[in-house]
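Trainee: the sequence and its predicted three-dimensional model are supplied below.
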Amino acid sequence: MKKRRVVVTGIGAVTPLGNDAETTWKHILEGVSGIGPVTRLNVEEFPAKVAGEAKEFNVENFIERKDARKMDRFTHYAVAASMMAVKDAELEITEENAPRVGVWIGSGIGGMETFEQQHETFLNRGYRRVSPFFIPMMIPDMATGQVSIALGARGFNSCTVTACATGTNSIGDAFKVIQRGDADVMVTGGTEAPITKMAFAGFSANTALSTNPDPQKASRPFDKNRDGFVMGEGAGIVVLEELDHALARGAKIYAEIVGYGATGDAYHITAPAPGGEGGARAMKMALDDAGLTPEEIGYINAHGTSTQYNDKYETMAIKTVFGEQAYKLAVSSTKSMTGHLLGAAGGIEAIFTVLTLKEGILPPTINLETPDPECDLDYVPNKARTQQVTAAISNSLGFGGHNATIAFRKYDG
């Protein structure tokens with residue numbers, strides 16, 4: 001059976017750099033950091049002092065207050081980003097096409113804030129005072145559920161939970177739904193709201209977070225002086241659409257999604273496999289699925305978390321797959337500006353990757369000041385670069401040994 005072609009026709013985002021995709025992208029290209037002092041927690045309780053908070057976000061710009069009160073913050077972000085993406089795609093969901101419009105949005109940890117608040121209520125006031133909406137607010141699939149309700153999308157509906165690979169796995173899985181003919185349109189990506197006491201405590205306890213108190217310097221992927229990732233929050237959503245369906249309605253096309261790879265390390269619950277072996281296989285799988293050669297890739301949006309092992313092993317994985325071509329392509333980590341949005345990271349980074357293809361501008365890796373001899377590729381240091389790219393990939397690597405890569409190609413008809 002011939003594979004159906006799939007394109008990106010809409011984008012929507014809520015990030016530490018802006019409450020829409022346009023503002024976020026503008027700040028990415030300017031090399032602006034969205035990281036600042038933590039305002040929602042008592043930072044005296046934690047070694048980490050900074051995070052990428054979504055600033056001045058108002059969910060009531062998208063849904064009514066009474067409905068918002070029945071949702072966790074991670075769902076707020078997903079609903080808002082999805083509504084923006086569908087509007088950007090100029091997609092009208094009707095009674096006729098709704099069964100062919102699906103939603104696949106993942107979250108790494110779901111409603112952590114709701115869990116903490118309701119657990120405190122239970123301890124202090126007993127089970128009768130726990131909200132009847134506690135479970136629906138907390139479970140990770142509720143972002144997908146609420147988005148489908150808000151949009152009226154009645155097609156394929158699912159949720160991926162693969163830690164920090166969640167957003168990329170979600171987009172890749174949604175791509176395959178359309179490619180095999182089970183939907184014409186998928187609203188897909190990742191969402192996360194992890195700036196909570198227990199999430200901060202957990203990541204601090206396993207020493208994953210940067211303890212650098214300078215918000216402008218704490219996230220420094222591939223730099224020799226990196227000391228951990230900076231937590232971020234938000235959502236990144238794309239509208240994927242079967243090509244003929246998009247052309248028939250005159251939709252604008254950002255890029256074509258052409259390949260997907262997903263692998264498991266089978267090695268360790270948090271540490272990547274030595275040499276980035278699993279990540280290398282995911283990249284190779286995505287290239288094979290897309291029918292692309294390593295020489296055709298001009299840009300990689302790296303997972304690039306600013307942790308010691310990730311940056312070193314991802315660099316090694318890129319060299320394994322691309323050989324000498326690794327030194328000729330551009331690699332950057334936009335987490336240097338957004339922080340690490342965990343399950344939402346792959347969603348916003350997919351947006352950055354398709355915009356790179358469409359506009360011919362490479363996002364920078366900021367704060368790259370002291371080269372690490374083990375990270376010796378072209379990471380587009382500190383300033384965006386004008387450069388035409390015809391194909392690109394985006395990597396996401398998660399706790400549990402999850403590796404995911406999606407491949408995009410510039411749309412040329």
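Mentor: Noted; the coordinates are in hand. Numbers count the residues shown, from 1 in each chain.
Trainee: how much space between L357 and I35?
Mentor: According to CB to CB, to the nearest Å, L357 and I35 sit 26 Å apart. For the C-beta atoms, the positions are set from N, CA and C on the backbone; glycine is no exception.
Trainee: looking at these two, which one has more neighbours?
Mentor: Applying other CB atoms under 10 Å to L357 and I35 shows that I35 carries more neighbours, namely 28 against 23.
Trainee: need the phi and psi values for the more buried one.
Mentor: Here is the backbone geometry of I35 (degrees, to the nearest 10): phi -90, psi 140.
Trainee: thought A280 was touching E314?
Mentor: No: the criterion here is CB atoms under 8 Å, and A280 misses it with E314 at 9.3 Å.
Trainee: quick one: which of those two has more around it?
Mentor: Legend: neighbour count by other CB under 10 Å for A280 and E314, higher for E314 (30 against 24).
Trainee: the more buried one reaches G304, doesn't it?
Mentor: Yes: E314 lies in contact with G304 (CB under 8 Å); the separation is 6.7 Å.
Trainee: tell me which residues in stretch 38-52 are buried?
Mentor: Neighbour-count burial for stretch 38-52, with 16 or more other CB atoms under 10 Å as criterion, is recorded at V38, L41, V43, F46, A48, K49, V50, A51, G52.
Trainee: tell me how the chain divides into domains.
Mentor: Residue ranges for the domains of the chain, per automatic domain parsing: 6-248, 260-409.
Trainee: would you format those as TSV with distance to Y254 included?
Mentor: Output for these, formatted as TSV (distance: least, CB to CB, whole Å):
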stretch	distance to Y254
domain 6-248	4
domain 260-409	4
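Trainee: can you list these in a markdown table and add mean pLDDT?
Mentor: Shown next, in a markdown table, are the domains of the chain (pLDDT from 0 to 100):
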| stretch | mean pLDDT |
| --- | --- |
| domain 6-248 | 97 |
| domain 260-409 | 98 |
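Trainee: tell me where this structure has helices.
Mentor: Along the chain, counting by DSSP state H, helices occupy 21-30, 65-68, 73-89, 112-125, 134-138, 142-151, 166-179, 197-205, 243-248, 277-290, 308-322, 335-338, 345-359.
Trainee: G106 touches G190, doesn't it?
Mentor: Yes: contact criterion CB under 8 Å: G106 and G190 qualify, at 5.1 Å.
Trainee: of the two, which one has the most company?
Mentor: Under the criterion of other CB under 10 Å, the comparison of G106 against G190 puts G190 first, with 39 against 34.
Trainee: list the beta-bridge partners for that one.
Mentor: Beta-bridge partners of G190, counted by DSSP bridges, are G106, G236.
Trainee: for it, give me its contacts.
Mentor: 105-108, 166-168, 170, 235-236, 341, 343-348 (CB atoms under 8 Å, 6 or more residues apart in numbering).
Trainee: let's go with 6 Å and repeat that
Mentor: G106, T166, G167, S170, G343, A344, G346, G347 (CB atoms under 6 Å, 6 or more residues apart in numbering).
Trainee: and V239, how many neighbours does it have?
Mentor: Neighbour count for V239, taken as other CB under 10 Å: 28.
Trainee: isn't it right next to M83, touching?
Mentor: No: using CB atoms under 6 Å, V239 is not in contact with M83; the gap is 11.1 Å.
Trainee: P99: neighbour count?
Mentor: 13.
Trainee: that one and V185: what is the separation?
Mentor: 11 Å.
Trainee: what of N42?
Mentor: 44 Å.
Trainee: so G278 sits against A404, correct?
Mentor: No: contact between G278 and A404 fails when scored by CB under 6 Å: they sit 10.1 Å apart.
Trainee: so between these two, which is more surrounded?
Mentor: Neighbour totals were compared for G278 and A404, and A404 leads with 32 against 23 (other CB under 10 Å).
Trainee: so what pairs up with that one in the strands?
Mentor: A262, S396.
Trainee: check contacts around it.
Mentor: Counting by CB under 6 Å, 6+ apart, A404 touches A165, T168, N169, A262, A282, S396.
Trainee: ok, of those, which come out buried?
Mentor: For the contacts of A404, a burial check counting by 16+ other CB under 10 Å picks out A165, T168, N169, A262, A282, S396.
Trainee: take the residues you listed and lay them out in a markdown table including distance to R128.
Mentor: Output for the buried ones among the contacts of A404, formatted as a markdown table (distance: CB to CB, whole Å):
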| residue | distance to R128 |
| --- | --- |
| A165 | 39 |
| T168 | 42 |
| N169 | 39 |
| A262 | 44 |
| A282 | 48 |
| S396 | 42 |
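Trainee: among these, which one sits closest to F133?
Mentor: Here the nearest of the buried ones among the contacts of A404 to F133, counting by CB to CB, is N169; it sits at 27.4 Å.
Trainee: sorry, back to before: so what sits against both of G106 and G190?
Mentor: T166, S170, G343.
Trainee: since we're on I135, how many residues are nearby?
Mentor: For I135, using other CB under 10 Å, the count is 14.
Trainee: G167 now?
Mentor: G167, neighbours per other CB under 10 Å, totals 39.
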